[in-house]
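Visitor: Dropping the sequence and predicted coords here.
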Amino acid sequence: MRYTLIVLLFIVLLNASEVKLHILGSGGPELQNSASTSYLLSVDGKAKILVDAGSGSIENFSRIDAKIEDLEAILITHTHIDHINDLSAYVKAGYFTNRSKTLPILGSFGSSIMPSIKEYLYRLFGKNGAYAYMQDILTENSDSFMLKPIVMPKSIHKTRITPNILVTSIEVNHGIIPALAFRVEIDDKVFVFSGDTTAKSDNIIKIAKNADFFVAHYAIPEFGYNIAAQLHMRPSRIAQIASKSNVKHLILSHLMKRSIKAKEESLKIIKKIYSGKVSVASDLMTFY
């Protein structure tokens, strides 16, 4: 009996997938020595889920030898420039690969001042779009692969990407900007991405329970910057969410000069509230 259990355990370990989180962009919209917001989840060395596509992220995507043809989906938390600017670059680069299968792009619902992910893609690649010469990429007649925009609702919504990849989204507060947080479950690993938000409500907590990794955007310090605080979480709020959600590992990202300057003070505040592991992201860091 004991021998059988050992053999079964060995088989499970032998077939276990290696899921990794790669930081492609740890910065914000400022000019600094980092790319803008972007993250990649890989399985056994193959790119699977791209979360946001900030400026400069495609270069880091290339540096880790990731391949666009391996992607199962792209998740966009919102359409601010520093979260989506490289999306068109990924699409154009993908044209020169052997990718043929449809690429889902999951994103927010839009408003009077910001387009939904579907409208955004049509403004780029539609008949009257900025890159209308690639308009076939939004159709089944594409001579490369098709982009499939999927507008996520405001309420909690689950999307099965592959048999072993489940994505959950929910609306979060980012001032007047439509925005989402995402939970990605790959096999037995759980990753949560806050996106940009004040986390005024407990919506993130609803999807972050027992996450292995929580990537939280730390764009402002605990004090001052009251206008920015209408868009972003204070360190104490980040810590409250991580603690209430029983997150195993908190990763601070979307770093800006004002938050970097206050990093040590912010870490002290966070560690008084949250007892788990805390890391500060930088480009090309890998977690697993």
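Guide: Noted; the coordinates are in hand.

Visitor: For stretch 110-121, measure first residue to last.
Guide: Using Cα to Cα, to the nearest Å, one end of stretch 110-121 lies 12 Å from the other.

Visitor: do the same with stretch 67-83
Guide: 20 Å.

Visitor: do the same with stretch 38-58
Guide: End residues of stretch 38-58 are separated by 9 Å (Cα to Cα).

Visitor: and if you look at stretch 126-144?
Guide: Using Cα to Cα, one end of stretch 126-144 lies 16 Å from the other.

Visitor: Ok, stretch 111-124 next?
Guide: 17 Å.

Visitor: same deal with stretch 149-163?
Guide: 20 Å.

Visitor: Please apply the same query to stretch 167-176.
Guide: Stretch 167-176: ends 24 Å apart by Cα to Cα.

Visitor: same deal with stretch 156-173?
Guide: End-to-end for stretch 156-173, by Cα to Cα: 14 Å.

Visitor: average pLDDT for stretch 98-114?
Guide: Mean pLDDT, computed over stretch 98-114, is 96.

Visitor: Buried ones in that stretch, by neighbour count?
Guide: For stretch 98-114, the neighbour count (16 or more other Cβ atoms under 10 Å) marks 99, 103-110, 114 as buried. Placement of C-beta: from N, CA and C, glycine included.

Visitor: the strands in the stretch 101-250 of the chain, which residues?
Guide: 103-107, 147-151, 157-162, 165-172, 179-186, 189-193, 213-217, 249-253 (DSSP state E, counting those that start in this stretch).

Visitor: Adding distance to residue 267, write these out as JSON lines.
Guide: Formatted as JSON lines, these follow (distance: least, Cβ to Cβ, whole Å):
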{"stretch": "strand 103-107", "distance to residue 267": "32"}
{"stretch": "strand 147-151", "distance to residue 267": "37"}
{"stretch": "strand 157-162", "distance to residue 267": "34"}
{"stretch": "strand 165-172", "distance to residue 267": "23"}
{"stretch": "strand 179-186", "distance to residue 267": "22"}
{"stretch": "strand 189-193", "distance to residue 267": "20"}
{"stretch": "strand 213-217", "distance to residue 267": "13"}
{"stretch": "strand 249-253", "distance to residue 267": "8"}
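
Visitor: Nearest to residue 33 among the ones you listed would be which one?
Guide: Closest approach to residue 33 among those is made by strand 249-253 (14.6 Å; Cβ to Cβ).

Visitor: Identify the neighbouring strands of that closest one in the sheet and state each direction.
Guide: Using DSSP bridges, strand 249-253 pairs in its sheet with strand 213-217 (parallel), strand 277-280 (parallel).

Visitor: which one of the ones you listed is the most hemmed in?
Guide: Looking across those with neighbours counted as mean count of other Cβ atoms under 10 Å, the highest average goes to strand 213-217: a mean of 27.

Visitor: Alright, that wraps it up for me.
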